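Q: coords please:
(one chain, ligands or ions: 3)
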Amino acid sequence: MKSDLEAALVKTDWTPAPSDQGAKATKKLLVKSFGCQMNVYDAARMADVLAPEGFSETAAPEDADLVILNTCHIREKASEKVFSELGRLRRLKEERRAEGKDLRIAVAGCVAQAEGGEILRKQRAVDIVVGPQSYHRLPELVRLAADGPVIDTDFPVEDKFNHLTPPSEDRIRTRGLTAFLTVQEGCDKFCSFCVVPYTRGAEASRDVERIVAEAEALTRAGVREITLLGQNVNAFHGRGESNEVWSLARLIERLSEIDGLARLRYTTSHPNDMTDDLIRAHGEAAKLMPFLHLPVQSGSDRILAAMNRKHRAEDYLRLVEKIRAARPDIALSSDFIVGFPGETDEDFEATLALIRAVDFASTFYFKYSPRPGTPGAEREDHVAEEVKAERLARLGEKVEAQRQAFNRALVGRTVDVLFEKPGRRPGQIAGKSPYLQAVQADGPDSMIGDVAAVEIVECGSNSLFGRLTEEAR
Ligand code: SAH
Ligand code: SF4
Ligand code: F3S
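A: Ligands and ions are numbered 1, 2, ... in the order given. So this is what the prediction gives:
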């Protein structure tokens, strides 16, 4: 299965939102996002922040006056992709110049943070480099860029979230019935393979009041499902009104009270931050979906220690047992890295054993990619590329079989589906199960936005087919 990270390397294709500014909208903006869901959230907020400046969104680079590449640095391939994109944009910019027009190019996100001014050296067509903590300053940067290239990769003292323009109801509506909401950013864990603590900075949580207001605004505009986001979302420790610290569990409980909101999810979590109250929330909060992404990376204690994950394989297995005891129908997904420096065949077998023991509903898996500035990259015992490839294929086979078995086991069962759009064929509607599987069923378009009980009758390789139950019809 392609990971959501890899899949997101392809342009994030939301429908361009209409401009809030009516006649004032004279310029066109394209934000192309790579990497994780937090980048998808950020991309939407960048468009929101630029809307009052007269920018409306377009999906076509040829129409754009400003293209923002919202980049990802997590693996070498993701990072390199930016420069091939920039090469294409430079040619477009030259064509524009020949016509006497201009195209401004901005690089935002994690590559911008990691490489800063280096980007301008590698690709002179770039006008703006802006880090993930500074994009609320985009309007000013766009103005400054008229006089030459600008860079802003500070970690400013002000919280960018407090300086962002909220989207109008119209804009929210065009983005669909499900929405991301970033509640926490950054990471203090410093896993030895990972760039995130360097590109996103220290862990910080948004204030509860602002999160609740944003969730309420989304719901008012018709959003039915919200996924709370953070690089380490279960380390959330936002401040409440009287300055007391809220846990993620408490936040979920509060957001569950919002009328009209049907579903809540959160991602991504670190096993060590799965606190008892959060586990309990899985049994108690009815709107919290029984699907948890809980990356473990490896099943070998030696490799887990070398990765600085700060728990053993056994701890993870015990945690899974506790979560399943709280919510027996919960399904789990995870991330794995194969070929971390020093990984032996025995270590890899331990990873396969953990996979067998847990039985995941879906899994993302990657070959270790040495990242500049991380301790893992400094090691001298790197695993050969062919060995990584072979392990990736073996692991892939195993987890793919688990994913298909999980999907097949749903045939004959009834699950709730949130219908989000018309289906592939006329008369069909399409939505998602609690486990994020795509489900198609015969039903009227008027049911889009509803959560309805569906009996699963068939399982394809990438979607399930179902029939609305008597009561749902
Ligand atoms: N904060 C999350 C995920 C961050 S990145 C967490 O802690 O789980 C998403 C995934 O990318 C990671 O879980 C890991 O599996 C993968 N990843 C991160 N750095 C990598 C690297 N250098 N090489 C290969 N995969 C990597
Ligand atoms: Fe990266 Fe580890 Fe932090 Fe996740 S917990 S973002 S893998 S350093
Ligand atoms: Fe990539 Fe940055 Fe997200 S490195 S995975 S875009 S936090």
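Q: Spell out which residues of this protein are next to ligand 3.
A: Within the chain, the positions adjacent to ligand 3 are 5, 35-36, 38-39, 72-74, 109-110, 195-196, 199-200, 231 by Cβ under 6 Å from any ligand atom. Quick note: C-beta positions are derived from backbone N, CA and C, even for glycine.
Q: So which of those residues is the closest to ligand 2?
A: Checking these against ligand 2 by Cβ to the nearest ligand atom gives residue 196 as the nearest, at 3.6 Å.
Q: So what's the residue count around the closest one?
A: Neighbour count of residue 196, defined by other Cβ atoms under 10 Å: 22.
Q: just residue 31 next, same as before
A: Counted with other Cβ under 10 Å, residues neighbouring residue 31 total 27.
Q: State the helix or strand in which it lies.
A: Element membership for residue 31 (DSSP states H and E) is strand 27-33.
Q: what's residue 409 in contact with, if anything?
A: Going by Cβ atoms under 8 Å, 6 or more residues apart in numbering, residue 409 touches no other residue.
Q: Backbone dihedrals for it, please?
A: Dihedral angles of residue 409 (phi, psi; degrees, to the nearest 10) stand at phi -70, psi -20.
Q: pLDDT score assigned to it?
A: pLDDT for residue 409: 96.
Q: again with residue 39
A: Note for residue 39: predicted pLDDT of 96.
Q: re the thing from before, show me the contact partners of the strand holding residue 31.
A: For strand 27-33, contacts defined as Cβ under 8 Å, 6+ apart pick out 8, 11-12, 39-40, 42-43, 46-47, 50, 53-61, 63-70, 85, 109.
Q: okay, that strand in CSV with CA atoms only?
A: Output in CSV follows, covering the C-alpha atoms of strand 27-33 (Å, rounded to 0.1, in the frame of the first residue of the first chain):
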residue,chain,number,x,y,z
LYS,A,27,-4.5,37.5,-8.7
LYS,A,28,-4.4,33.7,-8.9
LEU,A,29,-2.7,31.4,-6.3
LEU,A,30,-1.6,27.8,-6.5
VAL,A,31,-0.4,26.1,-3.4
LYS,A,32,1.0,22.7,-4.1
SER,A,33,1.5,20.5,-1.0
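Q: In the stretch 51-200 of the chain, where is pLDDT below threshold?
A: The model of the stretch 51-200 of the chain has no residue with pLDDT under 70.
Q: Let's see that with 80 instead.
A: Residues of the stretch 51-200 of the chain that meet the criterion pLDDT under 80 lie in 157-158.
Q: for it, what spans make up the helices?
A: 76-98, 109-115, 118-122, 138-144, 169-174, 196-199 (DSSP state H, counting those that start in this stretch).
Q: Take these and write them to JSON lines, including distance to residue 189.
A: Putting the helices of the stretch 51-200 of the chain into JSON lines (distance: least, Cβ to Cβ, whole Å) gives the following:
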{"stretch": "helix 76-98", "distance to residue 189": "20"}
{"stretch": "helix 109-115", "distance to residue 189": "16"}
{"stretch": "helix 118-122", "distance to residue 189": "26"}
{"stretch": "helix 138-144", "distance to residue 189": "29"}
{"stretch": "helix 169-174", "distance to residue 189": "32"}
{"stretch": "helix 196-199", "distance to residue 189": "7"}
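Q: Could you say which one of the ones you listed comes nearest to ligand 2?
A: Among the helices of the stretch 51-200 of the chain, helix 196-199 comes nearest to ligand 2, with 3.6 Å by Cβ to the nearest ligand atom.
Q: Of the helices of the stretch 51-200 of the chain, which is nearest ligand 1?
A: With Cβ to the nearest ligand atom as the criterion, ligand 1 lies closest to helix 196-199 of the helices of the stretch 51-200 of the chain, at 5.6 Å.
Q: For residue 421, grab the count of nearby residues.
A: Neighbours around residue 421, by other Cβ under 10 Å: 12.
Q: Show the model's pLDDT score for it.
A: Per-residue pLDDT puts residue 421 at 96.
Q: Am I right that it is in a helix?
A: No - under the criterion used here (DSSP: H, G, I helix; E, B strand; the rest coil), residue 421 is strand, not part of a helix.
Q: what's near enough to touch it?
A: When the contact criterion is Cβ under 8 Å, 6+ apart, the partners of residue 421 are 176, 429, 430, 431, 448.
Q: packing partners for the helix or strand harbouring the second one?
A: When elements are assigned from DSSP H and E, residue 429 belongs to strand 428-432. With contacts defined as 3 or more Cβ pairs under 8 Å, 6 or more residues apart in numbering; DSSP states H and E, strand 428-432 has these neighbours: strand 414-422, strand 438-442.
Q: can I get the CA coordinates of that strand in CSV?
A: Output in CSV follows, covering the C-alpha atoms of strand 428-432 (Å, rounded to 0.1, in the frame of the first residue of the first chain):
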residue,chain,number,x,y,z
GLN,A,428,-24.1,5.5,-6.1
ILE,A,429,-22.7,7.5,-3.2
ALA,A,430,-19.2,7.2,-1.7
GLY,A,431,-17.9,7.6,1.8
LYS,A,432,-15.6,6.3,4.5
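Q: residues near the nearest residue to residue 265 once chain neighbours are set aside, how many?
A: Among residues not flanking residue 265 along the chain, residue 227 sits closest, at 4.3 Å (Cβ to Cβ, 6 or more residues apart in numbering). Neighbourhood size, residue 227 [other Cβ under 10 Å]: 20.
Q: Residue 227 contacts residue 178, doesn't it?
A: Yes - using Cβ atoms under 8 Å, residue 227 is in contact with residue 178, at 7.1 Å.
Q: ranking the helices of the stretch 51-200 of the chain by burial, who's on top?
A: Counting by mean count of other Cβ atoms under 10 Å, helix 109-115 has the highest mean neighbour count of the helices of the stretch 51-200 of the chain, with a mean of 26.
Q: and that one, how far out from the chain's middle?
A: 17 Å (Cα atoms, centre = their mean, to the nearest Å).
Q: and that helix, does that touch ligand 1?
A: No - Helix 109-115 does not reach ligand 1 (Cβ under 6 Å from any ligand atom); its nearest approach is 10.2 Å.
Q: Using CSV, list the CA coordinates for that helix.
A: Extracted C-alpha coordinates of helix 109-115, given in CSV (Å, rounded to 0.1, in the frame of the first residue of the first chain):
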residue,chain,number,x,y,z
GLY,A,109,7.3,24.0,4.5
CYS,A,110,10.0,21.7,5.8
VAL,A,111,12.5,22.0,3.0
ALA,A,112,12.3,25.7,3.3
GLN,A,113,13.1,25.5,7.0
ALA,A,114,15.9,23.0,6.5
GLU,A,115,17.7,24.5,3.6
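Q: elements contacting that helix?
A: Here helix 109-115 is seen to pack against helix 37-50, strand 66-71, helix 76-98, helix 118-122, strand 128-130, helix 196-199 when contacts are counted using 3+ Cβ pairs under 8 Å, 6+ apart.
Q: Sounds good, over and out.
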